Structures are given as structure tokens and as C-alpha cells.
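Asker: sequence and predicted structure, then a few things I'm wondering about:
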Amino acid sequence: MRAQIAVYVVLAALALIAPFLGLYPVFLMKLLCFAMFACAFNLLLGFTKMLSFGHAAYFGSSAYITGWLVTVQGWGTIAGILGGVLAAMLLGLVIGAIAVRRQGIYFAMITLALAQLVFFVCLQANFTGGENGLQGIPRGSVFGLVGLGDDRTMYYFVLAVFVAVYVLIRRIVHSPFGQVLKAIRANEPRSVSLGYKVDRYKLMAFVLSASLSGLAGSLKALVLGFATLSDVSQTTSGEVILMTLLGGSGTFLGPVIGANVVVTLQEYLSDIVGAWVSVIIGAIFVVCVLLFRRGFVGEIQRRFARRSRAD
Amino acid sequence: MTTVFGVPLAAILGQLMLGLVNGSFYALLSLGLAVIFGLLGVVNFAHGAFYMLGAFAAYMGLEFLGVNYWWALLLAPLTVGLLGIIIERLFLRHLYQIEPVYGLLLTFGIALIAEGVMRSVFGASGKSYPVPPLLQGGFNLGFMVLPIYRAWVILASVTVCFVTWFLIERTRLGAWLRAATENAKLVQAFGINVPLLVMFTYGAGVALAALAGVLAAPVVQVSPLMGSSLVIVVFAVVVIGGMGSIVGAIVSGLVLGLVEGLTKVVYPEASNIVVFVIMAVVLIWRPAGLFGKEQ
């Protein structure tokens, strides 16, 4: 427990001084957005054991809606973000309601197929800008009080939202609702026999996860100033799975670390090796699935647990 | 000119023909997917990548070794099937004891590797593969021109589907396969080498995907990403047909191809998504799929 607090203190300090360490703030914000996305995804994969293979649908559609509201409709930044999150929530409700009818591998395939439907809608709809996507999305300000145009100000805004989401997810997992989700993860038929309406709990977890993924997508659109088809593509859906799995699904910090590793790899490798990045990502997938399914944090926790038992 | 709802009949028949050609590819791919899932319990995400590798094997054979189309039909599935067997031996084998989602994730990684390698070597742009001389041209049926190559694709894939169905449902080997799907341990106890059966089943499923790739090479652009969105449509087809049902995979593959073709005539904007919409409707109405059994 003391070690855990120490880790959080160090991380918080690092996050606060990061823009002054010579790191590019936009890159840091991108890390935070994807870390938030992975944490939201982990709520589903890690704590309820539902593998959604189409989470880019919520991330990307929210990015598009926020971008469209802010750019074309002239909404304020906060209203635009909320609009995007609401869209992701409704989308999650519809897709989730269909997908929770099946479990395991079927659930994965259904979420994947419905996300592909969303992808094609985004490709053909008028407001998304088709192949070009939405460009030049303004960051605006927080209720006209704090302008977000400056990278450092924007960074602290994104950091604040990230911390709020992270705390919220911890809170959800430790709540009675979260305990039911864990019970479903451990033994679904038994949870049913105990009288829980399992499908309803699963759908609620799905909608929560979709909404928070949407929030990450909205912020990403504001940070980078664009929303493109790659935000809704199956590649992004696959990447968020990798981030969560690599860092450790079912742990709190795992997805954050996984997202940092994957995004950093992509950022630096794509300049050096070009299309080989996808080979490297694929290879990490294979190694991760074969050799350490617990992920970084999961493995470390297991080591610690063993040692404390040995004491 | 004859018209139906204001659309020329020839245009409708042309689109239906195209739809049936696509349906043939769906049928071949979903058949392989269903056979692999039945025995291994693995949803093979790399199926689209193997289809792409089949097409590239034909392309590279012609370009670098002078292997013609007819030899490619035989050699490409064999080569890619062998690759599948190696992957099963090295990687997939270790995942049978744990949850099936890991098989999906592993094969997703393999698909990324295969597509990435081909993109690095050949670039993202499409390559064209010529229609073999024997199958060029078309029959004039009076009301429309039937391109011989497209007719050949439909004929070939329906034949291959039928032969596969016959092998599984009507032969001794197929009986072992079906028995191993039901209860692998018991079949093993009867002295049948189940791991070997599993290995060759995976190889055969992969070879079917590669065969679809060779058949597709002359009618689509051969490109590294040709399989990546196709595999998702095929997943939807398999969900609609009912996972693990052989007949379901073949029939729904062909029918959905036709439906897609029809949609292109009636409402072209929806042709990309019609299969997914049908999937959603089927799931609400019959969660186990049209030909699947409720567990």
C-alpha cells in the first residue's frame, strides 16, 4: 500500500513538471488522451472481461461530433466535449444492447462488425469530411475564462480531466456496482443465479466505457485540431486492446503505462522504419499473448504478492 | 430496353453477378473460418491476411517465376497453407487450453505482421493480375454479356464449397473431424492423432482463404490491405449464418453477396453497411444465427 502511494506521488510529480522537462506538450497530451482511452477500455476488458473489438467507434465518433460542433456549429469547448460524449454514450447504448446478447468471442466479433458499420457511416456522411476528415478544430476556452490555445494551459486542462477520469474509474471499480462487475468476470452463471440482472450490469459497464472513450476522443480532437478516419478505424480498436493488454488488464496503472509505451513507439518508430511499425506492433501482440498475458503491471504485482507471501 | 423500377434490367443483372462473385469469396472465406472455429475454437483474424497472401503468391509467382494462373491455383494455397501449419505449430497450439479470445488476439497480431511486411515490400498501391487467356471475354446472353472469368469464379467456388462440405459430412475423415469437434479427448482415446488433425484442419482452412485470394486476383487489385476490411464482413457473415455451421457459412456467404449487389442498385450508399445491418437484425431476432443452435 505504501509502495502504491509512493508510485502515485512520483507519477503525479512527473506529470506536473513534464512540460518543463523539454518534452513536447502536444505529444504529452496525446499520451494522456490515449491513456484515458485505454483506462476506459480496461473498465470493460479488465474488470468485466468483455473484449470489445470496436472501441474506436466511440473514440472516433465523439472526436468527429466534438469537432463538428465546435467548428461548424460554433459551440463552446465544454459544450462541444459534452456533445461528443453524449453521442458516444448513445452509440454505446445501441451497440451494447445488441452485443451483450452474446458472450466471449461472439461479443468481440459483433462489436467489431458494428464498429465497422460506424466507420463506413463516418466515411460517407457529410459532416465528417470523408477521406480528409475534419481539419482546423479550434481549442477555444473553458467557458470563456481560460483560453486553451497555449499548449501548456491545454496540457494542464487535459491532465485535470485525465486525473478526474482515473479517479472516477477507481471509484466505479471499488463501488458495489464494480463488485458486481467483478463477480460477473469471475463467474457469470453464478451471478445470474444470485439474482443479478447480468445483462443490465454489462450494458451499464459498456455504456460507461464507451462514454469515457468518447471523452478521450473529444480531447484528442481538440488537442491535435483534427478528427480523421483513423480515429474510427479497426487499427485504433486493435491498438487500445494492445495498450491495455501490454500494461496489464484489470490493473489501474497498467493501461496508462501500456498506452505510453505504444504511443511512444509509434511516434518515434514511424519516422525511422515506416510501414514496419505495424509489423513491430503485430509482433508485440504475438509476444504479449504468448508470453505475458498479465502485462507489465500484472507481472510486477504477482512478483510482489509472491514475495509478501514468502515473508 | 427492359427496366425494373426504372433501372435497366442489364444493370441489375450485372450487379447481381458482381454480388454473386463477392458472395463466392465470402462463402470460401467463411467456410474456412467455420471449419477452423469448429475444431480449434479459434476465430482466425488472420483469415483476411491469408487471402491477401494467396493473391500475392499468385502475383509473385507470375512476376518472378513465370508460374501461370492454373499452377497458382494449386501452388498458392499449398504454400500459404504450409505457412498456416507452421503458425499453428509454433504459436496457436499453446493457446488451446486458455480462453478463446487470446486466439483472436494472436491471429490479429499475425495479420498485422503479414500486412505490414507486404506493405513495406510492395507498397500500399494495388497491383493488377491478368485474366488467364482461356477465361478472357464473355458470352453474349442476348440481354446481357456474361464475363467468362466471373462465371468461372462462381463455378469454382461453389464446387470447392461442395467438395469441402462432402468431405466433412460424408467421409471417414470428416467423421473424425466432426467427432473431434464434439469431444477431442474421446476421439484421441480411440487412437486418432487429434493434434495432427487439428494442424491439418488449420492448414486446410488457411488454404481455402488463399484459394479465394488467387481467384480474386484478376478481378480486384492485389494490395496488402485487400483482406483487412473483408475479414470483418466475413465475420459478420459467419455470425449471421451461425458460428460453426458449414452449410450456414456457405449459404449465407452467397446470399449476402447477392444482397450486397442488389443494394448497390437500389441504394448504393448503403452497400458497404448492409451486411452489418442484417447482422444486427439477425442478432436481435435469433442470437445464435440463422443456422446455429442455441447453446
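Answerer: Arrived safely, thanks for sending.

Asker: mind checking the longest helix of chain B?
Answerer: Criterion DSSP state H: the longest helix present in chain B is helix B:9-40.

Asker: how distant is the following helix or strand past it from the center of its chain?
Answerer: Sequence order places helix B:47-60 as the next helix or strand after helix B:9-40, per DSSP states H and E. On the basis of Cα atoms, centre = their mean, to the nearest Å, helix B:47-60 is displaced by 12 Å from the centre of the chain it belongs to.

Asker: export helix B:47-60 to PDB, keeping only CA atoms.
Answerer: Once non-C-alpha atoms are left out, helix B:47-60 reads as follows in PDB (Å, rounded to 0.1, in the frame of the first residue of the first chain):
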ATOM      1  CA  HIS B  47      -8.000 -15.100 -42.500                       C
ATOM      2  CA  GLY B  48      -8.100 -11.900 -44.500                       C
ATOM      3  CA  ALA B  49      -4.300 -11.700 -44.400                       C
ATOM      4  CA  PHE B  50      -4.100 -15.300 -45.700                       C
ATOM      5  CA  TYR B  51      -6.500 -14.400 -48.500                       C
ATOM      6  CA  MET B  52      -4.200 -11.400 -49.300                       C
ATOM      7  CA  LEU B  53      -1.100 -13.700 -49.200                       C
ATOM      8  CA  GLY B  54      -2.800 -16.100 -51.600                       C
ATOM      9  CA  ALA B  55      -3.400 -13.300 -54.100                       C
ATOM     10  CA  PHE B  56       0.200 -12.100 -53.600                       C
ATOM     11  CA  ALA B  57       1.600 -15.600 -54.000                       C
ATOM     12  CA  ALA B  58      -0.100 -15.800 -57.400                       C
ATOM     13  CA  TYR B  59       1.200 -12.300 -58.300                       C
ATOM     14  CA  MET B  60       4.700 -13.000 -57.300                       C
END
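
Asker: for that helix, name the packing helices and strands.
Answerer: For helix B:47-60, the elements it packs on are helix B:9-40, helix B:69-90, helix B:101-122, helix B:194-216, helix B:230-241, judged by 3 or more Cβ pairs under 8 Å, 6 or more residues apart in numbering or on different chains; DSSP states H and E. Backbone N, C-alpha and C define where each C-beta goes, glycine included.

Asker: of the ones you listed, which is nearest chain A?
Answerer: Across the helices and strands packed on helix B:47-60, chain A has its closest neighbour in helix B:101-122 (2.9 Å, Cβ to the nearest Cβ).

Asker: for the following helix or strand past that closest one, which helices and strands make contact with it?
Answerer: Using DSSP H and E, the helix or strand that follows helix B:101-122 in sequence is strand B:138-140. Helices and strands touching strand B:138-140, by 3+ Cβ pairs under 8 Å, 6+ apart, are strand B:145-147, helix B:148-170.

Asker: so which of the helices and strands packed on helix B:47-60 is the most surrounded?
Answerer: helix B:230-241 (a mean of 28; mean count of other Cβ atoms under 10 Å in any protein chain shown).

Asker: pull the distance from that helix to the chain's centre.
Answerer: For helix B:230-241, the distance to the chain centre is 10 Å (Cα atoms, centre = their mean).

Asker: what angle do it and helix B:47-60 make?
Answerer: 130 degrees (axes from the mean of the first three to the mean of the last three Cα atoms, to 10 degrees).

Asker: ok, and what's touching helix B:230-241?
Answerer: Applying Cβ atoms under 8 Å, 6 or more residues apart in numbering or on different chains, the external contacts of helix B:230-241 come out as A:106, A:109-110, A:112-113, A:116, A:234, B:25-26, B:29-30, B:33-34, B:37, B:43, B:45, B:47-49, B:51, B:111, B:248-249, B:251-253, B:256, B:275-276, B:278-279, B:282-283, B:289-292.

Asker: tell me where chain A has strands.
Answerer: In chain A, the strands defined using DSSP state E lie at A:141-142, A:146-147.

Asker: now those strands in a markdown table, with distance to A:Val158, mean neighbour count and mean pLDDT?
Answerer: A markdown table is the format used below for the strands of chain A (distance: least, Cβ to Cβ, whole Å; neighbours: other Cβ atoms under 10 Å in any protein chain shown; pLDDT from 0 to 100):
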| stretch | distance to A:Val158 | mean neighbour count | mean pLDDT |
| --- | --- | --- | --- |
| strand A:141-142 | 12 | 16 | 84 |
| strand A:146-147 | 13 | 13 | 82 |
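
Asker: between those strands, which gets nearest to chain B?
Answerer: strand A:141-142 (37.7 Å).

Asker: and the gap between the nearest residue to A:Ser141 once chain neighbours are set aside and B:Gly242?
Answerer: Sequence neighbours aside, A:Gly147 is the residue nearest to A:Ser141 in space, at 4.5 Å (criterion: Cβ to Cβ, 6 or more residues apart in numbering or on different chains). Relative to B:Gly242, A:Gly147 is positioned 56 Å away (Cβ to Cβ, to the nearest Å).

Asker: same question for A:Ser211.
Answerer: A:Ser211 is 33 Å from B:Gly242, by Cβ to Cβ.

Asker: dump the residue contacts of A:Leu181.
Answerer: Shown in contact with A:Leu181 (Cβ under 8 Å, 6+ apart): A:Phe47, A:Thr48, A:Val173, A:Tyr201, A:Ala205.

Asker: where in chain A is pLDDT low?
Answerer: Across chain A, residues meeting the criterion (pLDDT under 70) sit at A:309-311.

Asker: show me where pLDDT drops low in the stretch 151-295 of chain B?
Answerer: In the predicted model, the stretch 151-295 of chain B carries pLDDT under 70 at residues B:293-295.

Asker: counting contacts, what elements does the helix or strand hosting B:Gly261 pack onto?
Answerer: Taking DSSP H and E as the criterion, B:Gly261 maps to helix B:246-266. With contacts taken as 3+ Cβ pairs under 8 Å, 6+ apart, helix B:246-266 sits against helix B:9-40, helix B:148-170, helix B:230-241, helix B:274-285.

Asker: one more time with 10 Å, if that's ok
Answerer: If you count contacts as 3 or more Cβ pairs under 10 Å, 6 or more residues apart in numbering or on different chains; DSSP states H and E, helix B:246-266 packs onto strand B:7-8, helix B:9-40, helix B:148-170, helix B:230-241, helix B:274-285.

Asker: how distant is that helix from the center of its chain?
Answerer: On Cα atoms, centre = their mean, the centre of helix B:246-266 falls 13 Å from that of its chain.

Asker: what's the answer for stretch A:202-209, then?
Answerer: The chain centre lies 14 Å from the centre of stretch A:202-209; the measure is Cα atoms, centre = their mean.

Asker: residues touching that stretch, excluding its own?
Answerer: A:37, A:39-45, A:47-50, A:52, A:55, A:58, A:88-97, A:99-100, A:103, A:107, A:111, A:168-169, A:172, A:177-178, A:180-181, A:184, A:188, A:197 (Cβ atoms under 10 Å, 6 or more residues apart in numbering or on different chains).

Asker: which among those residues count as buried?
Answerer: Listed as buried from those are A:37, A:39-45, A:47-50, A:52, A:55, A:58, A:88-89, A:91-92, A:95-96, A:99-100, A:107, A:111, A:169, A:172, A:178, A:180-181, A:184, A:188; burial here means 16 or more other Cβ atoms under 10 Å in any protein chain shown.
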